[in-house]
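Peer 1: sequence? don't have it. structure:
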């Protein structure tokens, strides 16, 4: 079972590398990326955490908070952070949750209820399904999920692209087509009639087929 788009992101209280957090309060009025890791000191996750730290200014510019969760104690996260700095050149500059009782992984349906209640003795393979990334809106609803196997590093440029789309479409009655990048033409959603669209887009739109109306993205 997974959390679906538009589900409320489960709230929780947990220890992190930046102290105890209550998740919904910590998000506040921001957007949030929560991304999970099966275990500390694993190779692919090491690269991901460092790359996200380097890219943090891009997330900041979009009003997006970053937080990681890994199924190990916070003390291990602190030691791992130094390895990440050595390997990638940047240690995490955002909180990393310690999920020693598997509470967060279970709340977010990444581990089954019968997985136990302790990280001790568990291997990365035991936690292999804790590889989901969640984009959460200011309304605390899940806007996007992407799950990866342990062998495939995540593309955080794609995460930024998706956030650009999510934020644009949250403000306007628009959608974004395949392979869209910020600044390219967007789609007028079907719920907007042609008459209403003419009022909003007086310069018109391109329509290769009747149900696909492409218009310049709002600035």
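Peer 2: Perfect, I can see it now. Just so you know, these numbers come straight off a predicted model, no measurement behind them.

Peer 1: tell me the contacts of residue 12?
Peer 2: Listed by CB atoms under 8 Å, 6 or more residues apart in numbering, the contact set of residue 12 reads 22-23, 103-104, 107. Where C-beta positions appear, they are placed from N, C-alpha and C, glycine not excepted.

Peer 1: And the helices in this protein?
Peer 2: Here the chain has its helices, by DSSP state H, at 23-27, 43-61, 74-88, 103-107, 156-171, 194-200.

Peer 1: Now distance to residue 206 too, for the ones you listed, in CSV please.
Peer 2: Below are the helices of the chain laid out as CSV (distance: least, CB to CB, whole Å):
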stretch, distance to residue 206
helix 23-27, 38
helix 43-61, 30
helix 74-88, 43
helix 103-107, 44
helix 156-171, 18
helix 194-200, 12
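
Peer 1: Which segments of the protein make up each domain?
Peer 2: 13-154, 172-215 (automatic domain parsing).

Peer 1: Looking at the last one now, give me its mean pLDDT.
Peer 2: Average pLDDT, domain 172-215: 96.

Peer 1: distance between the ends of stretch 93-102?
Peer 2: 23 Å (CA to CA, to the nearest Å).

Peer 1: ok, back up a step: so among the contacts of residue 12, which ones count as buried?
Peer 2: 23, 103-104, 107 (16 or more other CB atoms under 10 Å).

Peer 1: Between the residues you listed, which sits nearest residue 180?
Peer 2: When the buried ones among the contacts of residue 12 are ranked by distance to residue 180 (CB to CB), residue 23 comes first, at 30.1 Å.

Peer 1: and the closest one, how far is that from residue 102?
Peer 2: Going from residue 23 to residue 102 by CB to CB, to the nearest Å gives 16 Å.

Peer 1: and what of residue 34?
Peer 2: 16 Å.

Peer 1: Return the most buried member of the helices of the chain.
Peer 2: Of all the helices of the chain, helix 103-107 has the most neighbours on average by mean count of other CB atoms under 10 Å, namely a mean of 20.

Peer 1: mean confidence score for that helix?
Peer 2: Helix 103-107 shows a mean pLDDT of 97 in the predicted model.

Peer 1: these two touch, right, residue 174 and residue 185?
Peer 2: No - with contacts counted by CB atoms under 8 Å, residue 174 stays clear of residue 185, the gap being 10.0 Å.

Peer 1: Please identify the residue most distant from the middle of this protein.
Peer 2: residue 195 (36.3 Å; CA atoms, centre = their mean).

Peer 1: more neighbours, residue 174 and residue 185?
Peer 2: A direct count of neighbours by other CB atoms under 10 Å for residue 174 and residue 185 places residue 174 higher, at 20 against 15.

Peer 1: quick one: the more buried one from residue 23, how far?
Peer 2: Taking CB to CB, one finds residue 174 at 30 Å from residue 23.

Peer 1: Could you tell me which ranges of this protein sit under the pLDDT cut-off?
Peer 2: 1 (pLDDT under 70).

Peer 1: If we use 80, what do you get?
Peer 2: Along the chain, the parts satisfying pLDDT under 80 run over 1-2.

Peer 1: what number of residues lie near the nearest residue to residue 172 once chain neighbours are set aside?
Peer 2: Of all residues not flanking residue 172 in the chain, residue 218 sits nearest, at 5.9 Å (CB to CB, 6 or more residues apart in numbering). Applying other CB under 10 Å, we find 11 residues neighbouring residue 218.
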